[in-house]
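Colleague: Coordinates for the following, if possible.
(2 chains, ligands or ions: 1)
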Amino acid sequence: MDLLFAARYPFVDSVSEIPEISSVSAEDVVSSPYMEDVRRRGLSRVMEALESAEIGTPSLLGKSDRFTEIMSYPYARILVSCVNDRYLTKRYALAEASRAADYLEEEDPKRIDAIARTVGAKTQIVDGEFKMHFADYLRLASRIKGSEWKLVNHDVGKGFVTLPKGKFVRLLQNALQDRIESELPLDVPNAIANAVRGDVDAISYILADRKSRFATEFTGDLNPDHLPPCIRALLGGAQSGTNLPHAGRFALVSFLNNIGMGSEQILTLFSQSPDFDESKSIYQIKHITGELYGREGYTAPECKTMKTNGICVNEDDLCAREKVNHPLIYYRIKSGTGRRD
Amino acid sequence: MDRNSRFLLKSFRKYYLANAPPMPPRYGRREFGFMFFDRDYVQRHMGFQTPADLRRFMVGQVPSHSYYSTAYYRRPGAPTMDEKEWMGADLIFDLDADHLEGADEMTYAGMLEEVKKEMIRLIDTFLLDDLGFPEEGIQIVFSGGRGYHAHVSLQSVLGLGAQERREIVDYVTSTGLDVDRLFPAVGTANKVSDTSDGRRASVRFNREIPPKNSEGWKKRAREGFEVLVEDVCTLPPQELRSKYPTLGKKNASTVANLSNDLRKHRKFIMENDRMNPMDTFRQELLVETMKEDVVPRLAGEVDEPVTADIKRLIRLPGSVHGRTGLRVVPLTRAELTGFDPFLMAVPEEYSDEPVQITMRRPYEVTLKGERFKLNGTVEVPEYAAVFLVGRREAEIGDGSPDPGPF
Ligand code: SF4
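Modeller: Numbering: from 1, shown residues only, chains lettered A, B, ... in the order given. Model prediction:
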């Protein structure tokens, strides 16, 4: 494996077999004065992930650039492991995966294939055609919504889905994210943890600040007990850092807006999501609440639509009542704010 | 227990004495569930650790209906789903007579024959060709009742979630299929003309058709299109318009012109995989007909809730069905073609000894090759009595009130 490839995809197992890499110990990385660049880049990998869910792609022209980029990856993982926060871990994995995807889009099929094999997806790349086993396809695509991701709108034969390169890479990104996330946190020996304490504190500080910034802004008098089970599940998902599908976000935002929450309040709820990007999210939220165009927002989808989208979950006795055909009706009954018109 | 149930129980016990149901793969991780002749609930959350345990249970308890979970659990016998801990589930395709159009007018045998045809299409077209399951990876089962199941227990599908399984259902049933993707409209600059503000090219959109060597839905759409083209070119107008309601809604002259035009350009279209020589509105009419009339007929049938349910109980192969007495028969794809439940799913253990029954209504059926045309109080072989009593077409005895067990 060449250094350039390793620098782009430092998570590939065989990277550690490169002599220049394997000869460096973890102690060196965290404490050697020659490794300062490595540590700086490692810290910035985590900080960038935290701030924007993206990690930049620096120049990899020189050999030392490449070395720094490779070694900063294990260093970043040590930092994330020491902070050991679910939100940070998810967001970091997301950012690393999308950084790798940026490179993958420019690669030739052979290299893409090599990466595909590292994530355990059953793939075939023949004559420039990208194919993935349909079960892997479903596993990786089901979290991305939109009719263009439906299996029925793809060519499927002999168990394999034929995909354009862009979609194939997008799915690999999801697989990489899963893999990177599943490997964290690492078991970090005390001596190493002590050596990196400064950087860990810096991250923890930003992380806490970020969390509190959103937490204090939220002063709604939302009683979770009044929410229908579907909305409660979506809200719980958003707050625990699960990626919500598009239909789920839409339902949640429009519902919260319909019961009187403003865009900013809703934003604070979403801030826990690992791919949370403040500027993008506020745009999406304001689009749904109508604030963007200064008009009435969308009405939350009815139960039937929720069911079709697979986000009607944990139906309870109240849901079963005939007149409850809309999550808002459920809420009005529970909260006693029934419309009397 | 009434005398009907007592009779069925006795026959079922004879069956289970000679036939222990084969254990399903990974049986130690499955939940079992049963119904009985003298209880009106399903006994769930049972686990069997050895084939002998199951056998003892079947002979001792003689359930009327036997089920096992398609899911694997860490603790299959635990009383709640959370404690069970889901580990994965077989992928199930279920087809039964309930969804058949006009099922009410069909005989039981007629329905089963129809369902079998659909099952064969589902397996050959979707499971083998498109999804690429190896034939030996698909276990087919006659349910003993109104249909057939296909079980896939391959490692690759066990971990699929409900939403992902629903995607497979949508694939098979063509739900959400974008027909415009199969017949894309491709723009080409037509003629270039000079206007006051410069040169302008007018763009014309032509529909392409899926090429010959396509796979999946493109392949089916190609085949469906070939049939449509053949029909438009050759069928008498009356027949053509009733076969394709979309064409039926158009003026007779519109359809006649379409036929003429298509006959002229058919060769070019099929060889070049695009409809260019035809007028745009005729191209659109063909695509519209594909969407409305042809594609729905190409779709497969499958019971969505069963496939999407990752915690379902399903009939245990090798057991007998309490409503028919027929065996739940595991089948290979090759066996399915010639499978006749009325010949092959009647257990040998039900004897030829005559049993007196009273019909609730006149009924006709062919079992083990023998034709029965029945009415009133009659004597039939035990195997026929089990079927008729199970299906509630007849009662044991001469129609006088049940004297009770003693
Ligand atoms: S029935 Fe309606 S309110 Fe209840 S969970 Fe489903 S979508 Fe929500």
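
Colleague: export stretch A:252-270 as PDB, just CAs?
Modeller: Taking C-alpha atoms only, stretch A:252-270 is exported to PDB below (Å, rounded to 0.1, in the frame of the first residue of the first chain):
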ATOM      1  CA  LEU A 252     -41.400  15.900  14.000                       C
ATOM      2  CA  VAL A 253     -40.700  19.500  13.000                       C
ATOM      3  CA  SER A 254     -44.200  20.100  11.500                       C
ATOM      4  CA  PHE A 255     -45.800  18.500  14.500                       C
ATOM      5  CA  LEU A 256     -43.800  20.600  17.100                       C
ATOM      6  CA  ASN A 257     -44.500  23.700  15.000                       C
ATOM      7  CA  ASN A 258     -48.200  22.900  14.900                       C
ATOM      8  CA  ILE A 259     -48.500  22.700  18.600                       C
ATOM      9  CA  GLY A 260     -46.800  26.100  19.000                       C
ATOM     10  CA  MET A 261     -43.000  25.700  19.100                       C
ATOM     11  CA  GLY A 262     -41.000  28.200  17.100                       C
ATOM     12  CA  SER A 263     -38.100  27.300  14.800                       C
ATOM     13  CA  GLU A 264     -35.400  28.200  17.400                       C
ATOM     14  CA  GLN A 265     -37.000  26.000  20.000                       C
ATOM     15  CA  ILE A 266     -37.200  23.100  17.600                       C
ATOM     16  CA  LEU A 267     -33.600  23.700  16.600                       C
ATOM     17  CA  THR A 268     -32.400  23.100  20.100                       C
ATOM     18  CA  LEU A 269     -34.100  19.600  20.000                       C
ATOM     19  CA  PHE A 270     -32.200  18.700  16.900                       C
END
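
Colleague: you'd agree residue B:366 is up against residue B:342?
Modeller: Yes. With the criterion set as C-beta atoms under 8 Å, residue B:366 and residue B:342 qualify as a contacting pair; they are 5.8 Å apart. No exception for glycine: its C-beta is placed from N, CA and C like everyone else's.

Colleague: Now do the shared contacts for the two.
Modeller: When contacts are counted by C-beta atoms under 8 Å, 6 or more residues apart in numbering or on different chains, residue B:366 and residue B:342 are jointly contacted by residue B:109.

Colleague: Show me the residue of chain B that gets nearest to the ligand, please.
Modeller: residue B:162 (14.7 Å; C-beta to the nearest ligand atom).

Colleague: burial measure for that residue, as a count.
Modeller: For residue B:162, the count of nearby residues is 14 (other C-beta atoms under 10 Å in any protein chain shown).

Colleague: Stretch B:351-360: how far from the chain's middle?
Modeller: Distance, stretch centre to chain centre, for stretch B:351-360: 33 Å (C-alpha atoms, centre = their mean, to the nearest Å).

Colleague: Show me which residues of it are buried.
Modeller: Buried residues in stretch B:351-360, counting neighbours by 16 or more other C-beta atoms under 10 Å in any protein chain shown, are found at B:355, B:357, B:358, B:359.

Colleague: For it, give the mean pLDDT please.
Modeller: The predicted model assigns stretch B:351-360 a mean pLDDT of 96.

Colleague: same question, stretch A:94-113
Modeller: Per-residue pLDDT over stretch A:94-113 has a mean of 92.

Colleague: still on that earlier bit, and residue B:366 and residue B:342? Which one has more around it.
Modeller: residue B:342 (17 against 14).

Colleague: got the contact list for the helix or strand harbouring the more buried one?
Modeller: Assigned by DSSP states H and E, residue B:342 belongs to helix B:341-344. Around helix B:341-344, the neighbours that count as contacts under C-beta under 8 Å, 6+ apart are B:109, B:112, B:142, B:326, B:329, B:365, B:366, B:367, B:368, B:369.

Colleague: Buried subset of those, written for ChimeraX?
Modeller: Burial among the contacts of helix B:341-344 is assessed by 16+ other C-beta under 10 Å; the matching ChimeraX selection reads:
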select /B:112,142,326,329,365,367
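
Colleague: helix or strand right after the helix holding residue B:342?
Modeller: Along the chain past helix B:341-344, the next helix or strand (assigned with DSSP H and E) turns out to be strand B:354-359.

Colleague: The helix or strand hosting residue A:234 vs chain B: in contact?
Modeller: Under the assignment given by DSSP H and E, the secondary-structure element containing residue A:234 is helix A:229-239. No. Between helix A:229-239 and chain B, judged by C-beta under 8 Å from any C-beta of the partner chain, nothing touches; the nearest distance is 13.4 Å.

Colleague: returning to that earlier point: from memory the residue of chain B closest to the ligand sits against residue B:311, does it?
Modeller: No. Under the criterion of C-beta under 8 Å, residue B:162 is not in contact with residue B:311, lying 9.1 Å apart.

Colleague: Report the contact partners of the residue lying closest to residue A:160 once chain neighbours are set aside.
Modeller: Closest residue in space to residue A:160, ignoring its immediate chain neighbours: residue A:131 at 4.1 Å, by C-beta to C-beta, 6 or more residues apart in numbering or on different chains. Applying C-beta under 8 Å, 6+ apart to residue A:131 gives the contacts A:123, A:124, A:125, A:160, A:161, A:162, A:163.

Colleague: what do you get for residue A:269?
Modeller: Each residue near residue A:269 by C-beta under 8 Å, 6+ apart is listed here: A:218, A:235, A:238, A:239, A:252, A:256.

Colleague: what does the stretch 51-200 of chain B put close to chain A?
Modeller: Taking C-beta under 8 Å from any C-beta as the criterion, the stretch 51-200 of chain B approaches chain A at residues B:129-133, B:156-157, B:159-164, B:166-168, B:170-171, B:174-178, B:181.

Colleague: Out of the residues you listed, name the ones that lie in helices.
Modeller: Using DSSP state H, the members of these that fall within helices are B:156, B:157, B:162, B:163, B:164, B:166, B:167, B:168, B:170, B:171, B:181.

Colleague: what's the helix or strand for residue 255?
Modeller: No chain specified, so I'll use chain A. Following DSSP H and E, one finds residue A:255 within helix A:246-258.

Colleague: my bad, the chain I had in mind was chain B
Modeller: Assigning secondary structure by DSSP H and E places residue B:255 in helix B:252-272.

Colleague: Tell me the buried residues within the ones in helices among the residues of the stretch 51-200 of chain B next to chain A.
Modeller: The neighbour count (16+ other C-beta under 10 Å) marks B:156, B:157, B:164, B:166, B:167, B:168, B:170, B:171, B:181 as buried among those.
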